[in-house]
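*Asks:* No sequence on hand, only this structure:
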């Protein structure tokens with residue numbers, strides 16, 4: 001995705017540079033020698049003879065004057081062809097030329113002094129011609145006769161310019177390069193996306209590939225709709241028209257497939273059903289296209305009925321369906337629907353406005369704003385797909401975090417289970433000989449002199465310390481809570497505070513407790529005290545002098561939340577992540593069993609514990625138990 005966005009950005013920058021360069025370098029119609037022909041004369045004929053002489057044409061009696069900006073004259077009944085006569089002004093340029101921005105016709109002949117200087121005959125369904133012709137110095141003031149034959153749109157439209165050939169060539173390129181840039185840019189983006197699809201996972205391929213087809217077919221439509229290709233390489237006109245039709249047949253079902261991927265199957269799978277219908281209809285149209293090409297246009301009427309009339313109805317139904325679905329999701333507040341609706345509104349607004357103007361001009365108008373509408377709409381589709389990819393990426397990251405958490409929890413559970421089994425099997429066996437040894441040492445203390453009593457007392461203290469460690473082992477191995485009762489948190493902390501205040505005072509710290517009277521949980525009183533004494537003792541030891549330990553509690557979402565916070569030395573993230581692991585301790589003489597037992601007790605009482613700490617700031621323990629009503 002990042003590679004595609006980078007390539008897309010680079011190409012858009014290059015396109016803008018080329019676009020600006022074209023318009024800055026080719027200033028168009030500001031040359032002093034460039035002139036616009038204000039009007040011309042036209043005559044209609046019943047048949048088309050491209051070799052008619054100027055004398056025969058002048059003998060025609062039905063010449064009528066037409067201004068350049070006048071509406072197109074209606075074709076008389078039975079008229080087949082049109083001749084246009086232009087009286088070109090004197091041109092001072094050393095290389096005079098004439099530019100016809102738009103001529104509608106399938107067979108066009110341009111003659112000067114009974115000499116044919118240009119002829120074009122098209123056997124395909126595209127009648128827009130843009131013609132730039134150099135003139136001899138001897139021809140620049142002679143009349144120009146243009147013969148046009150067409151069964152559909154016919155006549156000279158737009159501007160007719162005379163002037164220097166190089167300057168007119170710049171205008172010619174400028175007026176046609178935009179379509180070429182837009183179409184080529186879209187095709188390039190689609191190709192880059194197809195290359196990027198090699199690195200995608202299967203679940204993302206459908207939306208990505210359908211968008212690739214939409215962009216590729218839209219770019220091909222823009223490129224093959226422009227008269228630029230037909231003017232430069234007119235011999236391949238049949239190929240361009242076939243590519244235009246083929247791209248349109250691919251665009252519609254691909255667009256519906258992308259829409260389905262974003263908004264789902266729709267009510268009673270209507271979007272899916274319509275997409276399948278479009279695939280079948282487009283397949284039929286493609287088959288008819290190739291049959292028509294193979295038969296040299298013998299089934300042109302049948303093919304035209306399917307590819308023009310019926311296809312237009314299919315497009316109307318598709319747009320209505322998409323507008324309805326996107327409007328429903330927009331009302332529901334779906335962000336992707338809002339983005340889609342904005343892009344679709346721009347595209348449909350420009351397209352509808354141009355269609356209205358197209359029919360108002362009686363089809364003598366070339367649609368061009370729809371191309372910019374397509375670009376805006378495709379940008380919104382790319383944004384939607386990008387948001388979908390970003391959403392999937394966030395989900396993958398979240399799943400990875402959860403998987404890591406579950407994996408850590410599983411490892412911890414396995415460690416705890418192993419230690420529990422070892423502790424249960426060893427603790428009892430070790431405690432018995434320790435108690436016997438302690439008993440004999442006590443007898444020896446009573447009989448020995450004072451110098452020996454010091455060493456015997458130290459041995460007794462170490463035995464007691466070993467016994468406490470074994471007790472912790474047994475507590476961890478068999479953490480049965482024992483007698484279960486309803487515990488008032490405040491009353492329990494009053495006892496805990498009484499036990500630990502002397503130790504806190506000895507360290508120079510103080511303990512403050514702020515707990516409401518109405519907080520109750522279920523558990524064993526002694527185990528509860530043991531767990532929190534371990535937590536608060538660690539806080540006291542972290543003070544290293546004056547400091548404060550705060551304890552407060554409250555009820556939230558059916559849980560009693562107990563906070564123990566100190567302003568001691570704090571811990572780093574690496575140490576914080578290992579709290580509760582067997583035998584892990586950041587204290588010099590610590591065994592690592594205290595917090596392990598605490599975690600175990602809280603777990604058995606259906607509680608949860610969480611630590612927050614920052615080095616040099618302090619540590620906060622948050623313990624949550626299910627809340628209960630007092631009995």
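*Replies:* Yep, it's here. This structure is a prediction, so every number in the text was calculated from the model and none was measured.

*Asks:* Show me what the helix or strand harbouring residue 621 is in contact with.
*Replies:* In this structure, residue 621 sits in strand 618-626 according to DSSP states H and E. Strand 618-626 has contacts (C-beta atoms under 8 Å, 6 or more residues apart in numbering) with 521-523, 531-532, 535, 539, 542, 558-571, 602, 605-613. For every residue, glycine as well, the C-beta is placed using N, CA and C.

*Asks:* List the strands paired with that strand, with their directions.
*Replies:* Using DSSP bridges, strand 618-626 pairs in its sheet with strand 559-566 (antiparallel), strand 608-614 (antiparallel).

*Asks:* Can you say which of those strands is packed in most?
*Replies:* With neighbours taken as mean count of other C-beta atoms under 10 Å, the strands paired with strand 618-626 reach their highest mean count in strand 559-566, at a mean of 20.

*Asks:* Show me which positions of the following helix or strand past it end up buried.
*Replies:* Downstream of strand 559-566, the first helix or strand assigned by DSSP H and E is helix 573-577. Buried positions in helix 573-577, judged by neighbour count with 16 or more other C-beta atoms under 10 Å: residue 576.

*Asks:* go on, stretch 35-46?
*Replies:* Buried residues in stretch 35-46, counted by 16+ other C-beta under 10 Å: 35, 37, 40, 41, 42, 43, 44, 45.

*Asks:* what do you get for stretch 232-252?
*Replies:* Neighbour-count burial for stretch 232-252 flags 234, 237-238, 240-252 (criterion: 16+ other C-beta under 10 Å).

*Asks:* among those, which one has the lowest pLDDT?
*Replies:* Among these, residue 234 has the lowest pLDDT, at 73.

*Asks:* picking up where we left off before, so which of the strands paired with strand 618-626 is nearest residue 511?
*Replies:* Of all those, the one in closest proximity to residue 511, counting by C-beta to C-beta, is strand 559-566 (9.6 Å).

*Asks:* gap between that closest one and the chain center?
*Replies:* Centroid separation for strand 559-566 versus its chain: 42 Å, with C-alpha atoms, centre = their mean, to the nearest Å.

*Asks:* And for stretch 43-54?
*Replies:* Computed by C-alpha atoms, centre = their mean, the chain-centroid distance of stretch 43-54 equals 59 Å.

*Asks:* circling back: from the buried residues of stretch 232-252, which is closest to residue 546?
*Replies:* When the buried residues of stretch 232-252 are ranked by distance to residue 546 (C-beta to C-beta), residue 251 comes first, at 76.1 Å.

*Asks:* List the contacts of that closest one.
*Replies:* By C-beta under 8 Å, 6+ apart, residue 251 lies in contact with 213, 214, 217, 218, 221.

*Asks:* By mean pLDDT, which helix or strand of the chain comes out lowest?
*Replies:* Ranked by mean pLDDT, DSSP states H and E, the weakest helix or strand in the chain is helix 2-25, scoring a mean of 45.

*Asks:* Quick one: distance of stretch 297-311 to the chain centre.
*Replies:* With C-alpha atoms, centre = their mean, you get 38 Å for stretch 297-311.

*Asks:* Would you mind pulling the contact partners of it?
*Replies:* The contact list for stretch 297-311 (C-beta under 8 Å, 6+ apart) reads 123, 245, 248, 249, 252, 281, 284, 285, 288, 289, 291, 292.

*Asks:* So which bits of the strand holding residue 621 are buried?
*Replies:* So for strand 618-626, counting by 16+ other C-beta under 10 Å, buried means 618, 619, 620, 621, 623, 624, 625.

*Asks:* From residue 561, how far off is the first one?
*Replies:* So that's residue 618. Residue 618 sits 18 Å away from residue 561, going by C-beta to C-beta, to the nearest Å.

*Asks:* Excluding sequence neighbours, find me the nearest residue to residue 236.
*Replies:* residue 229 (7.6 Å; C-beta to C-beta, 6 or more residues apart in numbering).

*Asks:* quick one: secondary structure of that neighbour?
*Replies:* Here residue 229 is recorded as helix under DSSP: H, G, I helix; E, B strand; the rest coil.

*Asks:* Surely it touches residue 223?
*Replies:* Yes: the criterion here is C-beta atoms under 8 Å, and residue 229 meets it with residue 223 at 6.9 Å.

*Asks:* shared neighbours of these two, which are they?
*Replies:* Common contacts of residue 229 and residue 223, defined by C-beta under 8 Å, 6+ apart, comprise residue 180.

*Asks:* shouldn't residue 194 be in contact with residue 212?
*Replies:* Yes: in this structure residue 194 lies within contact range of residue 212 using C-beta under 8 Å: 5.3 Å.

*Asks:* of the two, who's got more company?
*Replies:* Each of residue 194 and residue 212 has its neighbours counted (other C-beta atoms under 10 Å); residue 212 has more, 22 against 16.

*Asks:* check which helix or strand covers that one.
*Replies:* Element membership for residue 212, per DSSP H and E: helix 202-225.

*Asks:* again, but for residue 283
*Replies:* Element membership for residue 283, per DSSP H and E: helix 270-294.

*Asks:* Tell me the helix or strand right after that helix.
*Replies:* Next helix or strand after helix 270-294 toward the C-terminus (DSSP H and E): helix 300-304.

*Asks:* What residues of that next one count as buried?
*Replies:* Counting neighbours by 16+ other C-beta under 10 Å, one finds that the buried residues in helix 300-304 are 303, 304.

*Asks:* where exactly do the strands run in the stretch 51-200 of the chain?
*Replies:* Secondary structure of the stretch 51-200 of the chain (DSSP state E, counting those that start in this stretch): strands at 64-67, 81-87, 96-104, 107-112, 115-121, 128-134, 143-149, 155-164.

*Asks:* Of those, which is nearest residue 190?
*Replies:* Once these are compared by C-beta to C-beta, strand 128-134 is nearest, at 25.3 Å.

*Asks:* Would you mind listing the residues in contact with residue 546?
*Replies:* Residues counted as contacts of residue 546 (C-beta under 8 Å, 6+ apart) are 508, 509.

*Asks:* Please report phi then psi for it.
*Replies:* With angles defined as degrees, to the nearest 10, residue 546 sits at phi -70, psi 140.

*Asks:* what sits against residue 122?
*Replies:* For residue 122, the contacting residues are 106, 107, 230, 234, 237, by C-beta under 8 Å, 6+ apart.

*Asks:* Distance of it relative to residue 240?
*Replies:* From residue 122 to residue 240 the distance is 11 Å (C-beta to C-beta).

*Asks:* Over to residue 346?
*Replies:* 27 Å.

*Asks:* Pick the one among the buried residues of strand 618-626 closest to residue 500.
*Replies:* Once C-beta to C-beta is applied, the member of the buried residues of strand 618-626 that ends up nearest residue 500 is residue 621, at 14.3 Å.

*Asks:* Just grab the bridge partners of that closest one for me.
*Replies:* residue 564, residue 611.

*Asks:* And for residue 86?
*Replies:* The partner residues for residue 86, given DSSP bridges, come to residue 144.
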